[in-house]
Each structure stands twice: as C-alpha cells, then as structure tokens.
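Q: Dropping a prediction and its sequence here:
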Amino acid sequence: MAEGSLPGKPTSASRTTLSHIMSGNDTNLLGTVHGGVIMKLVDDAAGAVAGRHSGGPAVTASMDEMVFLEPVRVGDLVHVKAQVNWTGRSSMEVGVRVLAERWNESTPATHVGSAYLVFAAVDEDGRPRPVPQVIAESEQDKRRYQEAQIRRTHRLARRREIKELRDRRRRVEPKP
Ligand SMILES: CC(C)(COP(=O)(O)OP(=O)(O)OC[C@H]1O[C@@H](n2cnc3c(N)ncnc32)[C@H](O)[C@@H]1OP(=O)(O)O)[C@@H](O)C(=O)NCCC(=O)NCCS
C-alpha cells in the first residue's frame, strides 16, 4: 500500500500511561528495583501505544537510548508515559518517560528514566503492514517528531555501515 494512504492519527489518540507499585519481587541484589523490571514496563507501555496507533499487532524492532537517571525503590509508584513520536511506512518510534513517586506521599514525581523504541506493525503472518502517519499536535510533539527523524537517520546509517563492514570482512576472510 502506498505511503500516506491511511488517514493520519493525532499523537493524543494513542498516548498512554502505565502505573505500577514496586514491591520486593522487583528488586536486584542491591535492594533497588531491577533495571529489567523497568524495561519490561517500558516495552509494555510502548507496545500498547504502538498497537493503539496502528490499530493491530505491533512488535518491538529495537529499543535504544534507554537511560536510568535515578534508582527506583520498593514502595515507589512508577508511571510509564508513552507516545508515538514518529511514523514511517510500517514502523513507529515510541518515546517513553518514566516517573517515580512514593506511593503514600504527595511529593512531586521524579524523572527516573527515558527510552526510545521502534515498533513494526505486522499482519497475521508477521509481515510489516502500513501504519497511519502520526499527526504531531503540540510544539513538544513537533520537536519530538524532528528529533525522532534524526534518530531514525542514525539507526539506518549505523545498520547499513555495520552490514557493509561485515560483508567486506566476509569477502576478505571467508569462513573455513
Ligand atoms: C521487526 C520486523 C517485523 C522487521 O521485519 P523486516 O522483514 O526486517 O521488515 P523491514 O525491513 O521492511 O522493516 C519494517 C520496518 O521496521 C523498521 N525496522 C526493522 N528493523 C529495525 C531496527 N532494528 N531498528 C529500527 N527500525 C527497524 C524498518 O526500517 C521498517 O520501517 P519502515 O517501514 O517505517 O520504513 C522483524 O525483524 C521481526 O519480526 N522481528 C522480531 C520482532 C519481535 O519478535 N520482537 C519481540 C522480541 S521478543
């Protein structure tokens, strides 16, 4: 299907927040919350956004620039906020911001992490299918769209360069 043949969808139509209280089951050996627990929540929230935006199944193609800014503790109420930043033909960049606040205190939430994920919308055979173009609404959405476009260019360039290097090495050093 040609690019742009589906009606566009505004960012706000799929923006989602997933909230979870951290318990003793979520800790690492240091007693703080395991990074993998946060990454699962990030992937879950981003997957919900990608499914809502694309109107069907979507799979994680990549997760990059996951940063952990502050430790998360048992008893923290974690909010994982996700939205579509950018769309291509069949892929979507989802931006995720992770906030934490004490579950029983009215102190402001702290920004504890962020990530960018690429999801590909797939059909029932797992093949990429077209997605609606995202319509950036606010100035912040427009900035995120432009920054996502830069990340996309870098991801494609990195993938291409690594593939070319490997192909060259394979030609010079064929497998025994
Ligand atoms: C993601 C997947 C569907 C891509 O399939 P493919 O045959 O390589 O298809 P394409 O090359 O056409 O890629 C589809 C889109 O995803 C993007 N994409 C694919 N791999 C990517 C990556 N590593 N990083 C960023 N974008 C990627 C492509 O740029 C393309 O975007 P566009 O259509 O908007 O231009 C396929 O690799 C897959 O199924 N991977 C496993 C996903 C999964 O199981 N995730 C959960 C892990 S437990």
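A: Cool, the structure landed.
Q: is Y116 in a bridge, and if so with what?
A: D64, G95 (DSSP bridges).
Q: Would you confirm that it contacts N85?
A: Yes. Using CB atoms under 8 Å, Y116 is in contact with N85, at 7.3 Å. C-beta: built from backbone N, CA, C; applies to glycine.
Q: shared neighbours of those two, anything?
A: Taking CB atoms under 8 Å, 6 or more residues apart in numbering as the contact rule, Y116 and N85 both touch 93-95, 148.
Q: Can you show me the strands along this structure?
A: Applying DSSP state E to the chain gives strands spanning 9-10, 16-21, 58-68, 76-87, 91-102, 110-121, 134-135.
Q: As TSV, those with distance to V49, mean pLDDT and mean neighbour count would be great.
A: Converted to TSV, the strands of the chain look like this (distance: least, CB to CB, whole Å; pLDDT from 0 to 100; neighbours: other CB atoms under 10 Å):
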stretch	distance to V49	mean pLDDT	mean neighbour count
strand 9-10	11	98	17
strand 16-21	5	98	16
strand 58-68	9	95	15
strand 76-87	4	98	24
strand 91-102	5	98	22
strand 110-121	8	98	21
strand 134-135	10	98	20
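Q: and those strands as a markdown table, adding distance to the ligand?
A: Shown next, in a markdown table, are those (distance: least, CB to the nearest ligand atom, whole Å):
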| stretch | distance to the ligand |
| --- | --- |
| strand 9-10 | 15 |
| strand 16-21 | 18 |
| strand 58-68 | 4 |
| strand 76-87 | 7 |
| strand 91-102 | 3 |
| strand 110-121 | 4 |
| strand 134-135 | 12 |
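Q: Distance check, the residue nearest the centre of the chain against S91.
A: Closest to where the C-alpha atoms of the chain average out (CA atoms, centre = their mean) is L117, at 2.6 Å. Going from L117 to S91 by CB to CB, to the nearest Å gives 10 Å.
Q: Check S138 too.
A: On the measure of CB to CB, S138 and S91 end up 22 Å apart.
Q: related to what we said a few turns ago, from the shared contacts of Y116 and N85, pick the one nearest D26.
A: When those are ranked by distance to D26 (CB to CB), V94 comes first, at 22.5 Å.
Q: Can you tell me how far that closest one is from S114?
A: 12 Å.
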